[in-house]
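Peer 1: After the sequence you'll find the predicted model.
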Amino acid sequence: MNKKALSSVVSTMLIVLLAIASVSILAVAVNRFIKNDIQLSPKLSCIDLQTSGIAIKSACYNSSSNSIQTAIFRPLSETEISSIDFTITTDSNSKKFQCGLSCGSCSLLSSGETRLYTIPTQEKPSKVSISTFSCILDSKEVGDC
(Lines give C-alpha, C1' and ligand atoms only; values in the text may rest on other atoms or scores of the structure.)
Protein backbone atom coordinates (compact mmCIF):
# COMPACT_ATOMS: atom_id res chain seq x y z
CA MET A 1 0.00 0.00 0.00
CA ASN A 2 1.24 3.48 -0.89
CA LYS A 3 1.09 5.50 2.37
CA LYS A 4 2.49 8.65 0.77
CA ALA A 5 -0.49 8.93 -1.60
CA LEU A 6 -2.93 8.28 1.26
CA SER A 7 -1.46 11.12 3.38
CA SER A 8 -1.76 13.47 0.41
CA VAL A 9 -5.49 12.70 0.11
CA VAL A 10 -6.00 13.13 3.86
CA SER A 11 -4.17 16.47 3.94
CA THR A 12 -6.19 17.72 0.93
CA MET A 13 -9.44 16.71 2.66
CA LEU A 14 -8.35 18.47 5.88
CA ILE A 15 -7.58 21.68 3.97
CA VAL A 16 -10.96 21.55 2.23
CA LEU A 17 -12.77 20.98 5.56
CA LEU A 18 -10.80 23.80 7.17
CA ALA A 19 -11.78 26.16 4.33
CA ILE A 20 -15.47 25.19 4.62
CA ALA A 21 -15.39 25.73 8.40
CA SER A 22 -13.72 29.14 7.97
CA VAL A 23 -16.29 30.30 5.42
CA SER A 24 -19.14 29.07 7.66
CA ILE A 25 -17.81 30.93 10.71
CA LEU A 26 -17.33 34.10 8.66
CA ALA A 27 -20.87 33.83 7.22
CA VAL A 28 -22.40 33.48 10.69
CA ALA A 29 -20.44 36.49 12.00
CA VAL A 30 -21.42 38.70 9.05
CA ASN A 31 -25.05 37.59 9.29
CA ARG A 32 -25.22 38.51 13.01
CA PHE A 33 -23.60 41.89 12.30
CA ILE A 34 -26.12 42.68 9.55
CA LYS A 35 -29.09 41.66 11.71
CA ASN A 36 -27.88 43.82 14.63
CA ASP A 37 -27.30 46.78 12.29
CA ILE A 38 -30.84 46.54 10.95
CA GLN A 39 -32.30 46.46 14.47
CA LEU A 40 -30.52 49.73 15.32
CA SER A 41 -32.17 51.64 12.47
CA PRO A 42 -35.33 53.62 13.28
CA LYS A 43 -38.66 51.92 12.66
CA LEU A 44 -40.05 55.08 11.03
CA SER A 45 -38.78 57.01 8.05
CA CYS A 46 -37.89 60.68 8.28
CA ILE A 47 -41.11 61.59 6.47
CA ASP A 48 -43.13 59.61 9.03
CA LEU A 49 -41.37 61.45 11.86
CA GLN A 50 -41.84 64.87 10.23
CA THR A 51 -45.57 64.28 9.76
CA SER A 52 -46.02 62.94 13.32
CA GLY A 53 -46.84 66.48 14.53
CA ILE A 54 -43.98 67.04 17.00
CA ALA A 55 -43.40 70.79 16.78
CA ILE A 56 -41.92 73.84 18.45
CA LYS A 57 -44.78 76.00 19.77
CA SER A 58 -42.60 78.87 20.99
CA ALA A 59 -38.94 79.78 21.37
CA CYS A 60 -37.63 82.81 23.22
CA TYR A 61 -34.38 84.03 24.75
CA ASN A 62 -34.39 85.03 28.43
CA SER A 63 -31.56 87.56 28.80
CA SER A 64 -31.71 87.59 32.61
CA SER A 65 -30.98 83.86 32.89
CA ASN A 66 -28.99 83.55 29.62
CA SER A 67 -31.18 80.70 28.46
CA ILE A 68 -33.54 79.81 25.67
CA GLN A 69 -37.02 78.63 26.59
CA THR A 70 -38.55 76.30 24.03
CA ALA A 71 -42.08 74.86 24.24
CA ILE A 72 -42.39 71.55 22.40
CA PHE A 73 -45.74 69.93 21.54
CA ARG A 74 -46.14 66.20 20.93
CA PRO A 75 -49.61 65.16 19.71
CA LEU A 76 -51.41 61.99 20.69
CA SER A 77 -49.74 59.33 18.62
CA GLU A 78 -47.95 56.04 18.94
CA THR A 79 -44.76 57.35 17.36
CA GLU A 80 -41.90 56.05 19.51
CA ILE A 81 -38.98 58.36 20.05
CA SER A 82 -36.11 57.84 22.46
CA SER A 83 -34.58 61.32 22.31
CA ILE A 84 -35.01 64.85 20.99
CA ASP A 85 -31.99 66.82 19.83
CA PHE A 86 -32.05 70.61 20.17
CA THR A 87 -29.80 72.56 17.81
CA ILE A 88 -29.25 76.13 18.93
CA THR A 89 -27.94 78.35 16.12
CA THR A 90 -26.25 81.68 16.87
CA ASP A 91 -24.49 84.14 14.56
CA SER A 92 -21.12 82.51 15.24
CA ASN A 93 -21.89 78.77 15.66
CA SER A 94 -24.41 76.10 16.52
CA LYS A 95 -24.59 73.76 19.50
CA LYS A 96 -26.49 70.54 19.96
CA PHE A 97 -28.19 69.39 23.17
CA GLN A 98 -29.96 66.06 23.66
CA CYS A 99 -32.92 65.17 25.83
CA GLY A 100 -33.86 61.54 26.06
CA LEU A 101 -34.22 58.35 28.02
CA SER A 102 -30.49 58.17 28.75
CA CYS A 103 -30.32 61.76 30.03
CA GLY A 104 -30.72 62.11 33.76
CA SER A 105 -31.38 65.86 33.93
CA CYS A 106 -34.11 66.06 31.29
CA SER A 107 -37.21 64.00 30.65
CA LEU A 108 -38.76 63.33 27.29
CA LEU A 109 -42.26 64.66 26.73
CA SER A 110 -45.06 62.13 26.60
CA SER A 111 -47.63 61.69 23.88
CA GLY A 112 -50.26 64.48 24.00
CA GLU A 113 -48.07 66.78 26.11
CA THR A 114 -46.57 70.25 25.72
CA ARG A 115 -43.39 70.83 27.73
CA LEU A 116 -41.15 73.83 28.28
CA TYR A 117 -37.42 73.12 27.94
CA THR A 118 -34.85 75.61 29.23
CA ILE A 119 -31.40 75.42 27.62
CA PRO A 120 -28.51 77.60 28.85
CA THR A 121 -26.65 79.62 26.24
CA GLN A 122 -24.05 82.40 26.38
CA GLU A 123 -25.37 84.51 23.51
CA LYS A 124 -28.78 85.11 21.98
CA PRO A 125 -29.55 82.44 19.39
CA SER A 126 -31.20 83.23 16.09
CA LYS A 127 -32.88 79.85 15.58
CA VAL A 128 -33.69 76.62 17.41
CA SER A 129 -34.34 73.28 15.69
CA ILE A 130 -35.51 69.94 17.02
CA SER A 131 -34.64 66.58 15.51
CA THR A 132 -34.72 62.89 16.29
CA PHE A 133 -32.84 60.05 14.60
CA SER A 134 -30.97 62.76 12.59
CA CYS A 135 -34.28 63.91 11.08
CA ILE A 136 -35.17 67.60 11.52
CA LEU A 137 -38.74 67.87 12.83
CA ASP A 138 -39.18 71.64 13.20
CA SER A 139 -37.30 74.97 13.36
CA LYS A 140 -38.30 78.33 14.76
CA GLU A 141 -36.79 81.80 14.96
CA VAL A 142 -35.98 82.86 18.53
CA GLY A 143 -37.53 86.04 19.92
CA ASP A 144 -37.20 87.78 23.28
CA CYS A 145 -39.13 86.52 26.32
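Peer 2: Structure received. Numbering: from 1, shown residues only.
Peer 1: What distance do you get for residue 13 to residue 7?
Peer 2: 11 Å (CB to CB, to the nearest Å). For every residue, glycine as well, the C-beta is placed using N, CA and C.
Peer 1: and if you look at residue 57?
Peer 2: Per CB to CB, residue 57 is found 81 Å from residue 7.
Peer 1: how about low-confidence regions in this structure?
Peer 2: For the chain, the stretches with pLDDT under 70 are 1-6, 36-43, 102-104.
Peer 1: can you list the domain ranges for it.
Peer 2: Split into domains by automatic domain parsing, the chain comes to 1-41, 46-144.
Peer 1: Point out the most buried one among those.
Peer 2: domain 46-144 (a mean of 15; mean count of other CB atoms under 10 Å).
Peer 1: so how far does that one reach from one end to the other?
Peer 2: The first residue of domain 46-144 is 31 Å away from its last residue (CA to CA, to the nearest Å).
Peer 1: and what of stretch 72-86?
Peer 2: 11 Å.
Peer 1: can you start the count at 777 instead of 1 from here on
Peer 2: Sounds good: first residue 777 from here, last item stretch 848-862.
Peer 1: Quick check: longest helix in this protein by residues?
Peer 2: Looking across the chain with DSSP state H, the single longest helix is helix 779-816.
Peer 1: Report the distance from that one to the chain centre.
Peer 2: Distance of helix 779-816 from its chain centroid, counting by CA atoms, centre = their mean, to the nearest Å, is 36 Å.
Peer 1: Run through the neighbouring helices and strands of the next helix or strand after it.
Peer 2: Reading on from helix 779-816 to the C-terminus, the next helix or strand found by DSSP states H and E is helix 822-826. Counting contacts by 3 or more CB pairs under 8 Å, 6 or more residues apart in numbering; DSSP states H and E, helix 822-826 packs against strand 911-917.
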